[in-house]
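J.: here is a sequence together with a model predicted from it:
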Amino acid sequence: GAGVSQTPSNKVTEKGKYVELRCDPISGHTALYWYRQSLGQGPEFLIYFQGTGAADDSGLPNDRFFAVRPEGSVSTLKIQRTERGDSAVYLCASSSGGPDEQFFGPGTRLTVL
Amino acid sequence: AQSVAQPEDQVNVAEGNPLTVKCTYSVSGNPYLFWYVQYPNRGLQFLLKYITGDNLVKGSYGFEAEFNKSQTSFHLKKPSALVSDSALYFCAVRDMRAGFQKLVFGTGTRLLVSP
């Protein structure tokens, strides 16, 4: 079946611009997660949705970062006034919840010039 | 707070030899433990998990991992390595308590299997 998909696969933007990254989870998965992976590091948690609501946004680095999941399926990660330090691979994952494993998408590589 | 340590940046092994990739963890409650593998320019792929029960967990592609509560370790193993196993491996932990959904990852260990 279809896995987690993310668009775009690559995004190049200029410092100060606004970007949106999209995640389409596995059908039927109620839990959705965003992580950020910098070069040479493991993924770092950003935010977790259960259904439409953000159940844990403790990983968002500052108020320039925001995410939504209005219908409990597709999610969008929004970054305002991008900075060069935001350059990373942004990973989305989904799961059935509970102890089940999270299934990851291929990621969006964001480059801020 | 949750944390994971992968003490080796890189592990080198010859094809056909056994391999071990080390992981130790720290959580306040009981852990859920996971191993993921990442191939170049691809997303993370789930290998195996420990939730409860047998300390030896078997997963995909012949990999297994042993949960050791006293040593707070969850080392990844395979009896006979293949060149195609060469990749980046991540250990991750999740607190079992309700409300703790996020995975905390280690920094990764690069496995190189030589022919």
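T.: Sure thing, it's come through.
J.: which parts of stretch A:67-81 are buried?
T.: A:67, A:69, A:73, A:75, A:77, A:79 (16 or more other Cβ atoms under 10 Å in any protein chain shown). In short, each C-beta sits where N, CA and C put it, glycine included.
J.: check stretch B:70-84 too.
T.: Quick answer for stretch B:70-84 (16+ other Cβ under 10 Å): B:72-76, B:78, B:81.
J.: repeat for stretch A:52-60
T.: Neighbour-count burial for stretch A:52-60, counted by 16+ other Cβ under 10 Å, picks out A:54, A:56, A:59-60.
J.: which bits of chain B sit near chain A?
T.: Of all the residues in chain B, those in contact range of chain A (Cβ under 8 Å from any Cβ of the partner chain) are B:4, B:32, B:34, B:36, B:42-46, B:49, B:51, B:90, B:92, B:94, B:96, B:99, B:101-108.
J.: same thing but at 7 Å, please
T.: Residues of chain B lying close to chain A (Cβ under 7 Å from any Cβ of the partner chain) are B:32, B:34, B:42-44, B:46, B:49, B:51, B:90, B:101-103, B:105-108.
J.: and the least confident of those residues?
T.: Lowest pLDDT of these: residue B:42, 78.
J.: so what's that one up against?
T.: Neighbour list for residue B:42: residue A:106 [criterion: Cβ atoms under 7 Å, 6 or more residues apart in numbering or on different chains].
J.: picking that back up, will you turn the buried residues of stretch B:70-84 into TSV that also has pLDDT, distance to residue B:56 and secondary structure?
T.: Converted to TSV, those look like this (pLDDT from 0 to 100; distance: Cβ to Cβ, whole Å; DSSP: H, G, I helix; E, B strand; the rest coil):
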residue	pLDDT	distance to residue B:56	secondary structure
B:72	95	16	coil
B:73	97	13	strand
B:74	97	11	strand
B:75	98	11	strand
B:76	98	12	strand
B:78	98	13	strand
B:81	97	18	coil
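J.: sort out for me which of the buried residues of stretch A:67-81 are in strands.
T.: Those of these mapping onto strands are A:67, A:75, A:77, A:79, per DSSP state E.
J.: format the residues you listed as CSV; extra columns: pLDDT and distance to residue A:32.
T.: Listed next are these as CSV, based on pLDDT from 0 to 100; distance: Cβ to Cβ, whole Å:
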residue, pLDDT, distance to residue A:32
A:67, 97, 9
A:75, 98, 5
A:77, 98, 10
A:79, 98, 17
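J.: farthest-apart pair in these, please.
T.: A:75 and A:79 (13.6 Å; Cβ to Cβ).
J.: can you pull the pLDDT of the residue in chain A that chain B sits nearest to?
T.: Per Cβ to the nearest Cβ, residue A:42 is where chain A lies closest to chain B, at 3.3 Å. Looking at residue A:42, its pLDDT stands at 94.
J.: repeat that for residue A:85.
T.: So, for residue A:85, pLDDT stands at 96.
J.: likewise for residue A:71?
T.: pLDDT, residue A:71: 93.
J.: quick check: phi and psi at it.
T.: phi -120, psi 10 (degrees, to the nearest 10).
J.: residue in chain B nearest to chain A?
T.: Nearest residue of chain B to chain A: residue B:105, at 3.3 Å (Cβ to the nearest Cβ).
J.: and the closest residue to that residue other than its chain neighbours, how far from residue A:60?
T.: Distances taken as Cβ to Cβ, 6 or more residues apart in numbering or on different chains place residue A:42 nearest to residue B:105, at 3.3 Å, with adjacent residues excluded. For residue A:42, the distance to residue A:60 equals 18 Å [Cβ to Cβ, to the nearest Å].
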